[in-house]
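**Student:** test case, fold it:
(one chain, ligands or ions: 1)
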Amino acid sequence: MTKDKVALVTGASRGIGAAIAIGLAKRGYDLALNDILLVQDDLENVATSIQETGQRVERFLADVSNKAAVECMAADVLNAFGQVDAIVNNAGILIAGEMDGLPETVWDAVMDVNAKGSFLVTQAFLPSMKARKYGRIVNIASIGGKHGAPEQAHYSASKAAVMGFSRVLAQEVGPLGITVNCVCPGIIFTDMGRVNLEDPQVRKAWQAKTAMARIGEPDDVVGPVAFLASDDAAFVTGQTLNVDGGIVFS
Ligand code: NAP
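**Tutor:** Model prediction:
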């Protein structure tokens, strides 16, 4: 059980982010929840589940792709908690579309949230982590950034960007006691995951491609993230961990 540690999870109102936030609270973290909040009740429900664990929880609304909003959020989180030990950059979007004819606005929107958002949030908390000589940064990338699927070139590029900057940042901040790792989920049952699963044939095909012969649940991602956020992973940095039930074997 972790004690006196604070974690920030972005995109925490539903799906994988909600599961990670609740999972970290169950492991003893106090939680700063971020979301852009399209649906008010969702974040409230996550906060209630965390309160039930006895851990402290606060909500911070910000679009992770907006630098000013992220800087404001970082100041508010640090004012409220005094420190952030672990950041989980989870907020992400997927807008499917073939490369041929993909509007520039869609490319930019996906890169802005998935790649730039992770960069901005990380950058905003680095000074406080450096000052404390401690930090755990866990970026939720995707096997899509390694493997990819049709109609997701821009999504794949955004997740490859996250893995790229994570490997370099790990080298920059390693001497300061800060680790930076990525988790790459496979096909997980969430609102986003459903894009890949609506067609029963496609769903069957993904199941058949997966060694465990099943689609993942948000809770499947929690343990690996909690490990990388913990002191058990103090000597693990610059890595990407596939959490995909066995689709990508590298
Ligand atoms: P999801 O169910 O669509 O949830 C995404 C969350 O991110 C929502 O809470 C959403 O807020 C929030 N969000 C979106 N844009 C944001 C912004 N600009 N600022 C702050 N929050 C924002 O997706 P998910 O499946 O849980 O995915 C979570 C992460 O895992 C993403 O990075 C995704 O790329 C990655 N991933 C997912 C899968 C999968 O199969 N599901 C596979 C690989 C990787 P609202 O609720 O307000 O919209």
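**Student:** which parts of this structure sit against the ligand?
**Tutor:** 10-11, 13-17, 34-39, 42, 63-65, 90-93, 113, 117, 140, 142, 185, 187-188, 190-193 (CB under 6 Å from any ligand atom). (C-beta placed from N, C-alpha, C; glycine too.)
**Student:** one more pass at 5 Å, please.
**Tutor:** Residues of the chain found near the ligand (CB under 5 Å from any ligand atom) are 11, 13-16, 35-38, 63-65, 90-92, 113, 140, 142, 185, 187-188, 190-193.
**Student:** from these, list the buried ones, please.
**Tutor:** Those of those that meet the buried threshold are 11, 13-16, 35-37, 63-65, 90-92, 113, 140, 142, 185, 187-188, 190, 192-193, by 16 or more other CB atoms under 10 Å.
**Student:** hmm, back to that, so of the residues of the chain next to the ligand, which ones are in helices?
**Tutor:** 15-16 (DSSP state H).
**Student:** sketch out the low-pLDDT regions of the chain for me.
**Tutor:** The chain contains residues with pLDDT under 70 at 38.
**Student:** which residues are contacting the longest helix along it?
**Tutor:** Determined from DSSP H, the single longest helix within the chain is helix 153-173. By CB atoms under 8 Å, 6 or more residues apart in numbering, the residues outside helix 153-173 that reach it are 89, 92, 94-97, 99, 102, 106-107, 110-111, 113-115, 118-119, 122, 126, 129-130, 135, 137, 139, 141-142, 144-146, 148-149, 179-182, 184, 237-238, 240.
**Student:** wait, residue 21 sits on residue 12?
**Tutor:** Yes: at 4.5 Å, residue 21 and residue 12 qualify as touching, with contact defined as CB atoms under 8 Å.
**Student:** mind listing the shared neighbours of those two?
**Tutor:** Both residue 21 and residue 12 are contacted by 31, 33, 46, under the criterion CB under 8 Å, 6+ apart.
**Student:** including distance to residue 244, secondary structure and neighbour count, could the residues you listed go into JSON lines?
**Tutor:** Below are the shared contacts of residue 21 and residue 12 laid out as JSON lines (distance: CB to CB, whole Å; DSSP: H, G, I helix; E, B strand; the rest coil; neighbours: other CB atoms under 10 Å):
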{"residue": "31", "distance to residue 244": "26", "secondary structure": "strand", "neighbour count": "25"}
{"residue": "33", "distance to residue 244": "26", "secondary structure": "strand", "neighbour count": "27"}
{"residue": "46", "distance to residue 244": "24", "secondary structure": "helix", "neighbour count": "25"}
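**Student:** for the closest residue to residue 37 other than its chain neighbours, give me its contacts.
**Tutor:** Leaving aside its chain neighbours, residue 37 sits nearest to residue 61 (5.2 Å; criterion: CB to CB, 6 or more residues apart in numbering). Residues near residue 61 by CB under 8 Å, 6+ apart: 34-37, 73.
**Student:** any idea which of those is closest to the ligand?
**Tutor:** The nearest member of the contacts of residue 61 to the ligand, counting by CB to the nearest ligand atom, is residue 36 at 3.7 Å.
**Student:** and the closest one, what is it in contact with?
**Tutor:** If you count contacts by CB under 8 Å, 6+ apart, residue 36 has them with 11, 61-64, 91.
**Student:** sort out for me which of the residues you listed are in strands.
**Tutor:** Counting by DSSP state E, those place residue 61 in strands.
**Student:** going by distance to the ligand, which of the contacts of residue 36 wins?
**Tutor:** The ligand lies nearest to residue 11 out of the contacts of residue 36, by CB to the nearest ligand atom, at 2.6 Å.
**Student:** ok, now how distant is the spatially closest residue to that closest one that is not a sequence neighbour from residue 83?
**Tutor:** Spatial nearest neighbour of residue 11, excluding adjacent residues (CB to CB, 6+ apart): residue 91 at 3.0 Å. Counting by CB to CB, to the nearest Å, the separation of residue 91 from residue 83 is 21 Å.
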